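Trainee: Starting from these lines, generate the structure:
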Amino acid sequence: MNTVLVIALILAMAATLFALVRGIIAFLQTTKEDLNAPEGSGPSPARLKQNKMMMNRILFQAAAVIIVALLLMMKGNS
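Mentor: Numbering: from 1, shown residues only. Presented below is the predicted three-dimensional model:
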C-alpha cells in the first residue's frame, strides 16, 4: 500500500509542477490588450486559462498533502 501511495504522491507532485509552469506561462503571455480591456467585457481567454491552471495547481497540491497525511498516519500505526 505504501508503494502505491508513494507513486500517487510523485504523480500528484509532478502534476502540481506541470500546472504551476503552465499557469506561469499563461501569465507571461498576457498582452496589453488583455490588461486594458473595458469594464464589463468579462475575463479574457488568457485570464480564464490562468485561473484554470492555478485552480488545477491547488487541487493537485491538496491531493499531495492528503497523500502525505495518509502516509504519515500509516507510518504512525505500524
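
Trainee: Tell me where the chain has helices.
Mentor: In the chain, the helices defined using DSSP state H lie at 2-28, 32-35, 45-77.

Trainee: can you redo those as CSV with mean neighbour count and mean pLDDT?
Mentor: In short, each C-beta sits where N, CA and C put it, glycine included. Listed next are these as CSV, based on neighbours: other CB atoms under 10 Å; pLDDT from 0 to 100:
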stretch, mean neighbour count, mean pLDDT
helix 2-28, 14, 94
helix 32-35, 10, 72
helix 45-77, 14, 92
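
Trainee: Excluding chain neighbours, what is closest to K49?
Mentor: Nearest residue to K49, sequence neighbours excluded (CB to CB, 6 or more residues apart in numbering): A26, at 4.6 Å.

Trainee: mind listing what the most centrally placed residue in the chain touches?
Mentor: For the chain, the residue sitting closest to the mean C-alpha position, by CA atoms, centre = their mean, is R57 at 0.6 Å. For R57, the contact set (CB atoms under 8 Å, 6 or more residues apart in numbering) comprises T16, A19, L20, G23.

Trainee: wait, isn't the last one in contact with M54?
Mentor: What that stands for is G23. Yes: here G23 lies in contact with M54, judged by CB atoms under 8 Å, at a distance of 4.8 Å.

Trainee: that older thread, out of the contacts of R57, who's nearest L72?
Mentor: Of all these, L72 sits closest to T16, with 18.6 Å by CB to CB.

Trainee: can you tell me which residues contact that closest one?
Mentor: Contacts for T16 were tallied using CB under 8 Å, 6+ apart; they are R57, F60, Q61, A64.
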